[in-house]
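structural data only, the sequence is not supplied:
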């Protein structure tokens with residue numbers, strides 16, 4: 001199971017960016033996929049999750065309304081669309097997967113067992 005993130009970069013405050021998490025060598029649809037972020041010196045924070053079974057989603061409260069997680073079966077990719085970005089959104093964003101799960105049962109746990117390397121998002125003018 002290999003996950004590869006892409007799409008990070010520099011974005012101005014108030015701007016938008018879309019991250020991608022591509023699965024390699026397996027069908028990502030069978031996995032619940034979560035996006036997480038981490039700032040150096042701080043704990044990793046969950047951002048959003050999309051389930052494998054029914055496509056249901058979970059968002060951390062502070063991300064609701066600004067971020068959208070989605071899945072594209074054809075490209076075997078999960079996306080994170082981030083809007084209205086602030087400097088506080090600057091972080092390394094990583095995706096992680098766990099097989100055959102609903103996000104409601106794994107969010108906030110350590111059950112995600114496959115991780116990507118992360119992609120840096122910097123919000124700055």
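Received, thanks. All values reported here derive from a predicted model rather than from experimental measurement. Numbering: from 1, shown residues only.

now the element after the lowest-mean-pLDDT helix or strand in the chain, going C-ward?
Least confident helix or strand of the chain, by mean pLDDT, DSSP states H and E, is helix 103-106 with a mean of 92. Next along the chain after helix 103-106, taking DSSP states H and E as the criterion, comes strand 114-115.

can you give the strand pairings for that following strand, parallel or anti for each?
When pairing is defined by DSSP bridges, strand 114-115 lines up against strand 91-99 (antiparallel).

in the chain, which residue is most central in space?
Central residue of the chain (Cα atoms, centre = their mean): residue 35, 2.1 Å from the mean position.

where does the prediction get shaky in this protein?
Judged against pLDDT under 70, the chain has no low-scoring part.

let me see the ranges of the strands in it.
Ranges of strands in the chain, per DSSP state E, are 2-6, 9-11, 17-24, 31-38, 45-50, 57-59, 67-72, 77-82, 91-99, 114-115, 119-123.

which of the ones you listed has the highest mean neighbour count?
Mean neighbour count (mean count of other Cβ atoms under 10 Å) peaks for strand 31-38 among those, with a mean of 24. Using the backbone N, CA and C atoms, a C-beta is placed for each residue, glycine as well.

mind checking how far that one is from the chain centre?
From the chain centre to the centre of strand 31-38 is a distance of 4 Å (Cα atoms, centre = their mean, to the nearest Å).

contacting residues around residue 55?
The neighbours of residue 55, taking Cβ atoms under 8 Å, 6 or more residues apart in numbering as the test, are residue 71.

what are the buried residues along stretch 109-118?
Across stretch 109-118, burial judged by 16 or more other Cβ atoms under 10 Å covers 112, 114, 115, 116, 118.

and those residues as JSON lines, adding distance to residue 70?
Below are those laid out as JSON lines (distance: Cβ to Cβ, whole Å):
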{"residue": "112", "distance to residue 70": "18"}
{"residue": "114", "distance to residue 70": "19"}
{"residue": "115", "distance to residue 70": "20"}
{"residue": "116", "distance to residue 70": "17"}
{"residue": "118", "distance to residue 70": "20"}
